[in-house]
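In: give me the fold of what follows.
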Amino acid sequence: MKYAESPGIELVRCVLNAGERGTALDADGVTVKNSVMLGGSVFKGMISLTDANISGNLQMAGTRIKPSSAGFAADSGRLLGFRMTIGGSFIPRFGFEADRLFLAGSHFASGIQMIEATVGMGDEDATFDLRDVTVEGGVVIKRSRINAPLNAENSTIAGTLTLSGEFGAPGHASLSMQAANIDVLHVEEGTRFLGEVDLSYSRVRVLDDDLAAWPSTIDLAGFSYEALADDPRTGHKGRLEWIRKQKHGPLPQPYEQLAAIYRSSGHASEAQRILIAMNDDSRSRLPRMARAWSWVTRLLVGYGYQPWLAGVWLAGLLFISTAIFQMEHPEHVKIIKPDEGHPKFNPFIYALDKTLPVLNLGHQQFFFSTGFAGYWEWITTAAGWIFGAALAASLAGFVKRGGS
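Out: Predicted structure coming up:
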């Protein structure tokens, strides 16, 4: 049947055994004007449809592709469909079983509907290869058990990719979508990814997922999306925990991407919290001195995202300093030259003069402190310099790592 033309192929509810080459159905390069109907059949060996051009559907409801009884282990349970062109849909559902699916480079005009199917029947080399495919409609993999790495790298799906069921196995990759381009990624509630997921450098217009579905390790490097289905009033905390599953540690881009989504939806305060969390999570990777400065800027100005914190700290420091200098005057806050003219002592102005050394409000040159007041004067002056440096750095943009 290789490279033949046919108005349609119908092999329904039959059993086909592999021939000498281990292939139960060899239809490479076939051109079919209608659909290929293989529902309910058992193929003991390999189905080969590489370069096939099917104008209708590839219907495989209830189809089982099993190991060859002739001992061709290398071809066991395999659907070989590289570079197929399917004018309709690929429909492996309702009891479909195979160890390995190779669909790389194929084009599906209407979509893929995999419902209640199983891929990987105990074969340690089980594979689900969707690399470089283009799908004009959606891809539904629903209530299925995929005991194999689902590889959709460099694929383009113009509709929704819906995932539900179980994917992968512990210690192995569950899903790789590196550099894929997908309109909507929908991960249904109850879905389980048992191994690592790679979303690196893929692009999704809408991410609609169940956060509990994701495994402990996700590669999010360069992953981008334009909208989230999360409730922006409550979703950012759970989404932060999702980001913290990054394979390569706290890379800034996933945090900045999430913050941009919240900012664009009018939730600026949540965006700031996300960017603050980014800096908190990144601190452990900094050199010792940089970690210390990170703590200072976190406390004083919220890494520059909350410069008003400096005002709160300054107000508290001025309140305490004013009270101390008031209590210590005149015994330990004294006039430098009593015989010369001087203003009346004002503890608030004196505290402000000492806390903000760049100002000169007329008290520094007339009064000095001793005892506890003298020690406190040094503390408040040092604190003032630290406040000023942190605030200036935040205003100049030297503190923030991401967008404002």
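In: how many other residues sit next to V358?
Out: Neighbours of V358 under the rule other Cβ atoms under 10 Å: 7. The C-beta positions use only the backbone N, C-alpha and C, and glycine is treated the same way.
In: need the pLDDT of it.
Out: Here, the pLDDT recorded for V358 equals 72.
In: in which helix or strand does the nearest residue to it once chain neighbours are set aside reside?
Out: Nearest non-adjacent residue to V358, counting by Cβ to Cβ, 6 or more residues apart in numbering: G388, 7.1 Å away. Here G388 sits within helix 371-396, counting by DSSP states H and E.
In: output the contacting helices and strands for that helix.
Out: helix 288-301, helix 308-328, helix 347-355, strand 367-369 (3 or more Cβ pairs under 8 Å, 6 or more residues apart in numbering; DSSP states H and E).
In: now find how far off-centre it is within its chain.
Out: Its chain's C-alpha centre and that of helix 371-396 lie 40 Å apart, by Cα atoms, centre = their mean, to the nearest Å.
In: equivalent analysis for stretch 237-244, please.
Out: That offset, for stretch 237-244, works out to 9 Å (Cα atoms, centre = their mean).
In: could you give me the average pLDDT of it?
Out: Averaged across stretch 237-244, the pLDDT comes to 92.
In: in that stretch, what's buried?
Out: 239-240, 242-243 (16 or more other Cβ atoms under 10 Å).
In: what does it contact?
Out: Residues external to stretch 237-244 that are found in contact with it (Cβ atoms under 8 Å, 6 or more residues apart in numbering): 211, 214, 218, 220, 228, 230, 250, 254-255, 258, 274, 277, 281.
In: hmm, try it at 6 Å
Out: 211, 254, 258, 277 (Cβ atoms under 6 Å, 6 or more residues apart in numbering).
In: which of those residues fall within helices?
Out: Among the contacts of stretch 237-244, DSSP state H puts 254, 258, 277 in helices.
In: low-confidence stretches in the chain?
Out: Within the chain, the segments meeting pLDDT under 70 span 1-5, 19-21, 69-76, 122-123, 231-235, 339, 341, 357, 394-404.
In: so what strands line up beside the strand of greatest length in it?
Out: In the chain, assigned by DSSP state E, the strand with the most residues is strand 156-167. Here strand 156-167 is paired, per DSSP bridges, with strand 134-135 (parallel), strand 138-146 (parallel), strand 181-187 (parallel), strand 192-193 (parallel).
In: pretty sure S174 is touching F193, no?
Out: Yes - S174 is within contact range of F193, at 4.1 Å (criterion: Cβ atoms under 6 Å).
In: number of residues surrounding W313?
Out: With other Cβ under 10 Å as criterion, W313 counts 18.
In: ends of stretch 35-55, what's the gap?
Out: End-to-end distance of stretch 35-55 (Cα to Cα, to the nearest Å): 7 Å.
In: no wait, stretch 62-77
Out: First residue to last in stretch 62-77 (Cα to Cα) measures 14 Å.
In: mind starting the numbering at 37 from now?
Out: Right, with 37 as the first residue, what we last looked at is stretch 98-113.
In: wait, which of the strands paired with strand 192-203 is closest to W331?
Out: Closest of the strands paired with strand 192-203 to W331 is strand 228-229, at 35.8 Å (criterion: Cβ to Cβ).
In: quick one: residues contacting V242.
Out: With Cβ under 6 Å, 6+ apart, V242 has these contacts: 220, 263.
In: same deal with G156?
Out: By Cβ under 6 Å, 6+ apart, the residues touching G156 are 162, 183-184.
In: which strand residues bridge T196?
Out: Going by DSSP bridges, T196 is paired in beta bridges with V220.
In: what about it, neighbour count?
Out: If we define neighbours as other Cβ under 10 Å, then T196 has 18 of them.
In: likewise for the one 5 residues further on?
Out: Neighbours of G201 under the rule other Cβ under 10 Å: 19.
In: for the one 5 residues further on, same thing?
Out: Around P206 there are 9 other residues, counting by other Cβ under 10 Å.
In: again, but for Y261
Out: For Y261, the number of neighbouring residues by other Cβ under 10 Å comes to 20.
In: ok, now the one 5 residues further on?
Out: Close neighbours of D266, defined as other Cβ under 10 Å, add up to 20.
In: what's the answer for V348, then?
Out: Close neighbours of V348, defined as other Cβ under 10 Å, add up to 11.
In: would CSV of the ones in helices among the contacts of stretch 273-280 with distance to Q400 be doable?
Out: Formatted as CSV, the ones in helices among the contacts of stretch 273-280 follow (distance: Cβ to Cβ, whole Å):
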residue, distance to Q400
P290, 49
L294, 48
A313, 41
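In: nearest to I90 among those?
Out: Using Cβ to Cβ, P290 comes nearest to I90 of the ones in helices among the contacts of stretch 273-280, at 40.1 Å.
In: Q400 against K390, yeah?
Out: No - under the criterion of Cβ under 6 Å, Q400 makes no contact with K390, lying 7.3 Å away.
In: who has more neighbours, these two?
Out: Counted by other Cβ under 10 Å, Q400 and K390 do not tie: K390 has more neighbours, with 26 against 15.
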